[in-house]
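> Test case, fold it:
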Amino acid sequence: MFRTIKQTMEEIKENTFLWLKGKSKFGNLVSERWLEFNVRDVITYYSVAVLQS
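Model prediction:
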């Protein structure tokens, strides 16, 4: 059975979120922000939070 592009993108987002949450310094990611999938915004937001802590 073929997958749609949307299904493929959703799986990529889920896997990337789980990897980043578990394996990087961005462990405090929030899934609601991640679902927006504005990677630059998410990484900038959490980079500032890490630097301030």
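> any idea how far the helix ranked longest in the chain is from the chain center?
For the chain, the longest helix by residue count, based on DSSP state H, is helix 5-23. On the basis of CA atoms, centre = their mean, to the nearest Å, helix 5-23 sits 7 Å off its chain's mean C-alpha point.
> Quick check: chain neighbours aside, which residue is closest to the spatially most central residue of the chain?
The geometric centre of the chain, computed from its C-alpha atoms, lies nearest to residue 17 (CA atoms, centre = their mean), at 3.8 Å. Nearest residue to residue 17, sequence neighbours excluded (CB to CB, 6 or more residues apart in numbering): residue 34, at 4.7 Å. (Each C-beta comes from the backbone N, C-alpha and C, glycine too.)
> mind saving the C-alpha coords of the longest helix of the chain as PDB?
Coordinates of each C-alpha in helix 5-23 appear next as PDB, following Å, rounded to 0.1, in the frame of the first residue of the first chain:
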ATOM      1  CA  ILE A   5       3.200  12.600   1.100                       C
ATOM      2  CA  LYS A   6       1.400  14.000   4.100                       C
ATOM      3  CA  GLN A   7       1.600  10.600   5.900                       C
ATOM      4  CA  THR A   8       5.300  10.400   5.100                       C
ATOM      5  CA  MET A   9       5.900  13.900   6.400                       C
ATOM      6  CA  GLU A  10       4.000  13.200   9.600                       C
ATOM      7  CA  GLU A  11       6.200  10.100  10.200                       C
ATOM      8  CA  ILE A  12       9.400  12.100   9.600                       C
ATOM      9  CA  LYS A  13       8.200  14.800  12.000                       C
ATOM     10  CA  GLU A  14       7.300  12.200  14.700                       C
ATOM     11  CA  ASN A  15      10.600  10.400  14.400                       C
ATOM     12  CA  THR A  16      12.700  13.600  14.300                       C
ATOM     13  CA  PHE A  17      10.900  14.900  17.400                       C
ATOM     14  CA  LEU A  18      11.500  11.700  19.300                       C
ATOM     15  CA  TRP A  19      15.100  11.600  18.300                       C
ATOM     16  CA  LEU A  20      15.700  15.200  19.300                       C
ATOM     17  CA  LYS A  21      13.800  14.900  22.500                       C
ATOM     18  CA  GLY A  22      15.800  11.800  23.600                       C
ATOM     19  CA  LYS A  23      19.300  12.300  22.100                       C
END
